[in-house]
Each structure stands twice: as C-alpha cells, then as structure tokens.
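Visitor: Next one to model:
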Amino acid sequence: MKKRFPKSSQDSCRLWLWGTHACLAALQNPKRQCYRLFLTEGATKEFPPSPKAQIVDPVSLSRMLPESAVHQGVAMEVAPLSEPPFHELRKKEKGVLIILDQVTDPYNVGAIIRTARALGALGVIMTDRHAPPLGGVLAKAASGALDQLPLWKVTNLARTLDELKDFGFWTVGLDERGDQILSHSILPERVALIMGAEGEGLRRLTQEKCDYLVKLPTDSAFSTLNVSVATALALYELTRPC
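Guide: Okay, the predicted model is just below:
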C-alpha cells in the first residue's frame, strides 16, 4: 500500500514552503523552526543531510501541495517567523523601508521582498489584513529573501506611519498623481517608501500621512506599472550611488 501524505495543514501556526531557494533559505535560518522536510530523489543533491528529510516521489509531493505549486522537488512545513522588535528601526540612521498599503497579490509581494533584499532595503511592512500569507506562493516568489529580510505586519498603518516619523523616517508615497518625479527629488536619508494596492493605489488616509508624493517618469498616455516593477524602479532610484 502506498504511503499517503496529508494535504497542506490548516493550522495557522504552520506554513508550507516550496521551491529550492525558499526551502534552502529556511533551513539556513536559525530562527526558522522546521517540522517536516520532503524531498524527491532528484532534489536531494541540492540539500544538506537532515534528520527531518523524507524522500517522496514527485506525484506524492504534488498531492500534498496546492495544485499550482511549482515545488522543484522540495517542500517544508515550518513555523511562521517571529517579527523583529519594531523599535529597532529607531536606530537606523539611513536607508529605505518599504511599506505596502494593502498589496494583496502574493507574487507581487514576494517579488517586492526579493528586490528589497537584493537592493539592501531595511525591511518590509505590510498591513495585517488585505495581505497574503507569508509562505507558499509568496515565499517561492521571494526566492529565499523571506528568511533574510525583516518583515512586519501591522493592524493600523496610519498609526505605524506616525511611529516611523517619530523614529526620524520621512514618508514618501509613490503615486502617478504625485507632484514631483522621484529622480528629481531631494529626499532625506531615512525614507519609508509607501506603495499602494494593485489597481486602487494609495488609500486617502495613507496619502495624507505622506511627507512627499512622488511619481516615476512614465508615459502620461500609459502610466500604469505593476506594483512590484514600480517598487523595484523606485528602490533602485533611492539606493543607487549619487
């Protein structure tokens, strides 16, 4: 009789990760608790030996995960990461912090986390509601960055922006209706870059909390950019050497 493996757990204290980079980063992160690790024979050469590893065939692994999961022969059941202390941001003398105002697509959020890690951002803040789970599709899109970048989820974004201002950050909203182009703006060294949701953009209250509203130099006849692309362009502009 073939061994049957359970589908993804519904326990909010457990998450599934899949994909080579996401799972390797999780295994290398001492702060990440791993419950189970499943590998196909073909994937074992990419991973160090582990007492938690179970060898499974590709079909069995696919059955354990959502239908669209591109697992590359590896999946892990893990505990969510604990958030770092928020007050540590007060110590940062310069840098860019990414704020996501109800960005809900896990592919976009994962790509933003990956870009933020690659370009040296201080971290990413998301709303607790209207945001994807920190695992699965998002982790795969982040390509390992989920376990390498500080992340926070907050219940009240407006209050969080006020706290960041108290810490010395200047809030910069990216919006196509902004009154100045980002590359033409002289900005402080501590910036909280705020990105709006897919379609709706920044909410009114979020806009009111912005010290600056800036835009990218897109064609006025076709100004729409995917939020992950817009974040990458803006973050590159803010972090590139003068």
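Visitor: For the rest of this, base every contact and every neighbour count on C-alpha atoms.
Guide: Noted.
Visitor: Show me which parts of the host helix or strand of residue 231 are buried, residue by residue.
Guide: Assigned by DSSP states H and E, residue 231 belongs to helix 227-239. Neighbour counts using 16 or more other Cα atoms under 10 Å place 227, 228, 230, 231, 232, 234, 235, 236, 238 of helix 227-239 among the buried residues.
Visitor: now the chain, which segments are flagged as low pLDDT?
Guide: Applying pLDDT under 70 to the chain flags residues 1-12, 242.
Visitor: Can I get whichever strand or helix holds residue 61 in CSV, CA atoms only?
Guide: In this structure, residue 61 is located in helix 58-64 according to DSSP H and E. Output of helix 58-64 as CSV, limited to C-alpha atoms (Å, rounded to 0.1, in the frame of the first residue of the first chain):
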residue,chain,number,x,y,z
PRO,A,58,7.1,13.8,-7.3
VAL,A,59,3.5,12.8,-7.6
SER,A,60,3.1,12.3,-3.9
LEU,A,61,4.7,15.7,-3.2
SER,A,62,2.4,17.4,-5.7
ARG,A,63,-0.6,16.0,-4.0
MET,A,64,0.5,17.4,-0.7
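Visitor: what about the strands in this protein?
Guide: Using DSSP state E, the strands assigned to the chain run over residues 15-18, 34-39, 53-55, 74-78, 95-101, 123-127, 151-154, 170-174, 180-181, 190-196, 212-215.
Visitor: Contacts only, for the residue positioned nearest the centre of the chain.
Guide: The residue lying closest to the centre of the chain (Cα atoms, centre = their mean) is residue 113, at 3.4 Å. Residues near residue 113 by Cα atoms under 8 Å, 6 or more residues apart in numbering: 124, 142, 145, 146, 149.
Visitor: Make sure the second one is actually in contact with residue 112.
Guide: I take that to be residue 142. Yes - the pair residue 142 and residue 112 passes the contact test of Cα atoms under 8 Å, sitting 7.5 Å apart.
Visitor: how's this protein carved up into domains?
Guide: Following automatic domain parsing, the chain resolves into domains at 15-78, 90-239.
Visitor: measure stretch 87-106 end to end?
Guide: 27 Å (Cα to Cα, to the nearest Å).
Visitor: Need the contact partners of that stretch.
Guide: 109, 116, 121-127, 129-133, 137-138, 141, 157, 164, 167-168, 189-198, 202-203, 206, 235, 238-239.
Visitor: before we move on, the earlier item: compute the inter-axis angle for the helix holding residue 231 and strand 190-196.
Guide: Here helix 227-239 runs at 160 degrees with respect to strand 190-196, directions being taken by axes from the mean of the first three to the mean of the last three Cα atoms, to 10 degrees.
Visitor: Kindly calculate the angle that helix 227-239 makes with strand 170-174.
Guide: Using the same axes, to 10 degrees: helix 227-239 against strand 170-174 is 140 degrees.
Visitor: which residues touch the nearest residue to residue 181 once chain neighbours are set aside?
Guide: In space, and not counting its chain neighbours, residue 181 is closest to residue 215: 4.9 Å by Cα to Cα, 6 or more residues apart in numbering. Taking Cα under 8 Å, 6+ apart, we find residue 215 in contact with 174, 175, 176, 177, 178, 179, 180, 181, 182.
Visitor: what about 7 Å?
Guide: Residue 215 makes contacts with 174, 175, 176, 177, 178, 180, 181, 182, as judged by Cα atoms under 7 Å, 6 or more residues apart in numbering.
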